[in-house]
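Novice: Task: produce atomic coordinates for the following.
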Amino acid sequence: MIYRHARSIVPENHLTLFENSTSGAIFVDPMGRNQGGTGKKKEKIKCVTHVPSAVFQQGGSSNHLPMPMVRVKKLKKTESGFRATDTRYHSDVNAAIAAFAWKETQLSDSQLDAVWNRVHQSAGWDPGYVDSFVNMDQLPPEIDPELPKTGQKGDKAMHEWMQHADAFLRALLTLEGRGQSPTVHCSQCQVTGAKACYRCLCCDNLGLVCERCIVSAHQYLPLHRIEFWNDIYFAKVTLKSLGLRIQLGHSAGDKCPRPNMAWGDDFVIIDCDQIHPVGLDYCGCGRSSKGQVEQLLERRLYPATVVNPKTAATFRVLETFELLQYESKLSTYEYYQTISRLTDNTGLHVPKDRYPTFLRLVHQWRHLKLLKRTGRGHDPIRGASETRPGECALLCPPCPHPGINLPEGWENVDRGLKFLYALNLALDANFRMKRKDCSSEAADPGLSRGYAYVVDESAFQEYLKKHENETEPKSTCSRHDAVNLADMRPGQGYASSGIATVECSRHNSKRPLAVCSMQRGEKYCNMDYITVLSVQFCILQLFFISYDIACQWFIHLLQRILQIDPSSPLLQPDVEIRFLVPKFHLPAHIPACRNRFAFMLTPGAGLGDGEAPERGWGELNPLATSTREMGPGTRRDTLDYHFGDYNWRKNIRLGDSLLKKMKTATSDVAEHVIAHQELEATISPEKLSSWTDAMVAWELDPSNPNPYEVAVKTPTQAAVRRQLAEEEEKALATGADVSLSDEVSPCSLIAMGIDLEGEQYVCHVVICSLFSHYPLEAIVEDVNKITLGPLPRSSNHPGQITLECTYTKARRMV
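Specialist: Numbers count the residues shown, from 1 in each chain. Got it, this is the predicted structure:
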């Protein structure tokens, strides 16, 4: 079916060119164009067809098209007849030309929407973007020019901008003055003699106006930045100097008959882009019964003090800085200096220093936000000071919470399904989050006293006094620094060596009351305390606890917990605790620990890795430069705020994260099952049954033999030497002597060979470390040039042995 335009002059038999083409979205448009300004239109006909890729696959074409395409056929009139062109474009975006560039189409509204949905998903463009190219007789690009190009060098949009850099520069210079077409008189009021010399940098299209109009236009916008043209350049002025005053306690636009001027009439408001000196009046006529603080809060201005405030910050600047610091870990000083430089970047008119005030405002604001977001403002009985420990912490939604997200009877499930209602915890310490020995608890007690994630300091210090003289036992595993350096002091000038935490190892969320400061190293008493507090309200029956040194820490753990809290859920008789070592740290342990504390060998642990705290430290560490200079209370509060935002961002992204994990698990389960079945098919049924029974017995009771441990005992080198010596003694007693020399026995010769192999390995390591910049082939060539004389059979000269080892090893490397 072809749509023909009334002016088309193509004979009927020419239309068969289009009727025989592959069906799709077909339309015809005669495109008349002006030629050379003569006004004569050049007649032609165009057919645009959307061809799905499936059509070509069915047609058996040799050219495989992996995506839909657009087919454009044109017929142009010439002196001798017509000339035809046939062009194909591969792109969903170009396919949309068929639906929108020319309105004659066979597609329904639902089909058009489907085309644009596909275009929007692939490129993010709307119809207007494509129409802008079509109106200029251009095909839109197949990919977004603002996105980086794979396989191409550089950013196309940046290269295109470089060609217009001078135009941008001229525009900026023009805006530094009165503009291209400046007006002498005010364009707003048209008052004779009103000189237009004021402009606002925040209003979009106000232009140059007079003083009266600039004040009138900013009655409800008192925090805009105003400039005055002094016949040479634009100078900054304040609305206060032009007579504008902010009236509180009244409706917008009303004036108080008896205003009370702010104390000293030097009120300052801190906003996102400037520190504004303003004229501010409180209500004094009795219409408003509210005090100064409440009148300021009504206008979304946060006062610095509760008595005669002289400074306030807008809610906007406090909200902006709160999120900015959560994302970038920007310090308060850097942000305040940015606002100060936006106010005056020349140093000639430096605004009044309100940095200490801004610090206090930020601290109070974030504390109020912490209380507000956890519903503390809706409690009619308990005030903010009566907040319970851990009440303001944001819980991890996917973790099991009885009475919230667990079914009835969850505690009665079979033992094999208890892992569904298990709590996975991970412990770790961070020694980059140090704090200098500045301020004190009396001067800086903080605002959150155990309300969220950091423990209450007063109760924590009382607990530490009972354990200040304890010495940590040495490690029976590898030489773990967390054990052997537990009593190390933080260093001169520091009051805290870092922080420790307990997290949900499944979803990387901080637990309530699970963060404390470290006084020295990674002491057991600190880790015990936050572990007990983090689960004090948990009534689950199965816990998986991972820790870098769990193999040492879990020894006598229950006895230590009994001293902290005899009613702890971890001490209940129906509770089972499985201790694990994070996967990254596990290879540093001895072989016995690798089997006993491995995630992959622990039933119910799944594919967890226990490294959740490490991922959290990577985001928190940039904040260390700020927190190490803080007092103890401010530091604890700051950590509470940042951990709360960390948990919030984890929660809002859980949907995508869990969906990704579910897709991965469901897509790989069939492959794993088949691989497991194929492996079992290679094992005899009797051996497979015995292995399965041993594995099930160990999983039910870890005190049973671990089937994953190597049961074969290998003899030591000393035992082998002793056995060889005994055999030689028996042989000599019978008169049998197989020695090659009277001075060297076979046992001594074998021992010497083993020692030589050890020396070879040491020489290889030393050479590679000393000559890492030197090619290995050259080292081998130089070593092979050494001429060795005959060594005495009884010679034990270390230099000769080392030389022989080096030569032998070099030849082996070749």
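Novice: next structured bit after the strand or helix carrying residue 544?
Specialist: Per DSSP states H and E, residue 544 falls inside strand 542-546. Sequence order places helix 550-553 as the next helix or strand after strand 542-546, per DSSP H and E.
Novice: pLDDT on that following helix, on average?
Specialist: Taken as a whole, helix 550-553 has an average pLDDT of 91.
Novice: Return it as PDB; C-alpha atoms alone will do.
Specialist: C-alpha atoms of helix 550-553 as PDB (Å, rounded to 0.1, in the frame of the first residue of the first chain):
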ATOM      1  CA  ALA A 550      38.100 -15.800  64.500                       C
ATOM      2  CA  CYS A 551      40.300 -18.800  65.100                       C
ATOM      3  CA  GLN A 552      41.900 -17.000  68.100                       C
ATOM      4  CA  TRP A 553      39.000 -14.700  69.200                       C
END
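Novice: who does that helix touch, helix- and strand-wise?
Specialist: Here helix 550-553 touches strand 576-580, going by 3 or more Cβ pairs under 8 Å, 6 or more residues apart in numbering; DSSP states H and E. C-beta here means a position set from N, CA and C on the backbone, and glycine is covered the same way.
Novice: redo that, cut-off 10 Å
Specialist: For helix 550-553, the elements it packs on are helix 481-484, helix 524-534, strand 576-580, helix 591-596, judged by 3 or more Cβ pairs under 10 Å, 6 or more residues apart in numbering; DSSP states H and E.
Novice: Of all the ones you listed, which one comes closest to residue 390?
Specialist: helix 524-534 (7.7 Å; Cβ to Cβ).
Novice: tell me what the closest one is packed against?
Specialist: Against helix 524-534 (3+ Cβ pairs under 10 Å, 6+ apart) you get strand 423-430, helix 457-465, strand 498-504, strand 509-518, helix 550-553, helix 557-564.
Novice: Distance from the fifth one to the middle of the chain?
Specialist: How far helix 550-553 lies from its chain's middle: 30 Å, per Cα atoms, centre = their mean, to the nearest Å.
Novice: Distance to residue 655 and mean neighbour count added to the helices and strands packed on helix 524-534, as TSV?
Specialist: Formatted as TSV, the helices and strands packed on helix 524-534 follow (distance: least, Cβ to Cβ, whole Å; neighbours: other Cβ atoms under 10 Å):
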stretch	distance to residue 655	mean neighbour count
strand 423-430	20	25
helix 457-465	36	14
strand 498-504	17	25
strand 509-518	15	26
helix 550-553	32	23
helix 557-564	36	14
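Novice: which one of the ones you listed lies closest to residue 537?
Specialist: Of the helices and strands packed on helix 524-534, nearest to residue 537 by Cβ to Cβ is strand 509-518, at 8.1 Å.
Novice: so where do the helices sit in the stretch 251-400 of the chain?
Specialist: For the stretch 251-400 of the chain, the helices defined by DSSP state H, counting those that start in this stretch occupy 292-298, 315-328, 332-343, 355-373.
Novice: could you give me the average pLDDT of the second one?
Specialist: By that I understand helix 315-328. Here helix 315-328 scores 96 as its mean pLDDT.
Novice: and what of the longest one?
Specialist: The pLDDT scores in helix 355-373 average 95.
Novice: Spatially nearest residue to the residue nearest to the spatial centre of the chain (excluding sequence neighbours)?
Specialist: The chain has residue 619 as the residue nearest its centroid, 6.9 Å off, counting by Cα atoms, centre = their mean. In this structure, residue 619 finds its nearest non-sequential neighbour in residue 646, 6.8 Å apart by Cβ to Cβ, 6 or more residues apart in numbering.
Novice: Going by length in residues, pull out the top helix of the chain.
Specialist: The residue-count maximum for a helix in the chain (DSSP state H) belongs to helix 654-681.
Novice: now that helix, how far from the centre of its chain.
Specialist: Counting by Cα atoms, centre = their mean, helix 654-681 comes out at 26 Å from the chain centroid.
Novice: still on that earlier bit, report all helices and strands that the strand holding residue 544 contacts.
Specialist: Against strand 542-546 (3+ Cβ pairs under 10 Å, 6+ apart) you get strand 423-430, strand 576-580.
Novice: before we move on, back to that, out of the helices and strands packed on helix 550-553, deepest packed?
Specialist: helix 524-534 (a mean of 23; mean count of other Cβ atoms under 10 Å).
Novice: Distance to residue 640 and mean pLDDT added to the helices and strands packed on strand 542-546, as TSV?
Specialist: Listed next are those as TSV, based on distance: least, Cβ to Cβ, whole Å; pLDDT from 0 to 100:
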stretch	distance to residue 640	mean pLDDT
strand 423-430	16	94
strand 576-580	28	93
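Novice: I'd like the ones you listed as JSON lines, with distance to residue 227 appended.
Specialist: What follows is the helices and strands packed on strand 542-546, written out as JSON lines (distance: least, Cβ to Cβ, whole Å):
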{"stretch": "strand 423-430", "distance to residue 227": "49"}
{"stretch": "strand 576-580", "distance to residue 227": "64"}
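Novice: hang on, the earlier thing: now the strand holding residue 544: average pLDDT?
Specialist: On average, strand 542-546 scores 95.
Novice: angle of that strand against helix 524-534?
Specialist: 140 degrees (axes from the mean of the first three to the mean of the last three Cα atoms, to 10 degrees).
Novice: strands paired with strand 542-546, and their directions?
Specialist: strand 423-430 (parallel), strand 576-580 (parallel) (DSSP bridges).
Novice: outside of the last one, which residues touch it?
Specialist: Counting contacts by Cβ atoms under 10 Å, 6 or more residues apart in numbering, the residues outside strand 576-580 that touch it are 415, 418-419, 422, 424-426, 505, 540-547, 550-551, 553-555, 557-558, 570-571, 586, 596-599, 601-605, 608-610, 702.
Novice: ChimeraX command for the buried members of those residues?
Specialist: If you want just the buried ones from the contacts of strand 576-580 in ChimeraX, going by 16 or more other Cβ atoms under 10 Å, the selection is:
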select :418,419,422,424,425,426,505,540,541,542,543,544,545,546,547,550,551,553,554,557,570,586,596,597,598,599,601,602,603,604,605,608,609,610
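Novice: any chance of the helices and strands packed on helix 550-553 in a markdown table, plus distance to residue 459?
Specialist: Converted to a markdown table, the helices and strands packed on helix 550-553 look like this (distance: least, Cβ to Cβ, whole Å):
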| stretch | distance to residue 459 |
| --- | --- |
| helix 481-484 | 25 |
| helix 524-534 | 9 |
| strand 576-580 | 24 |
| helix 591-596 | 34 |
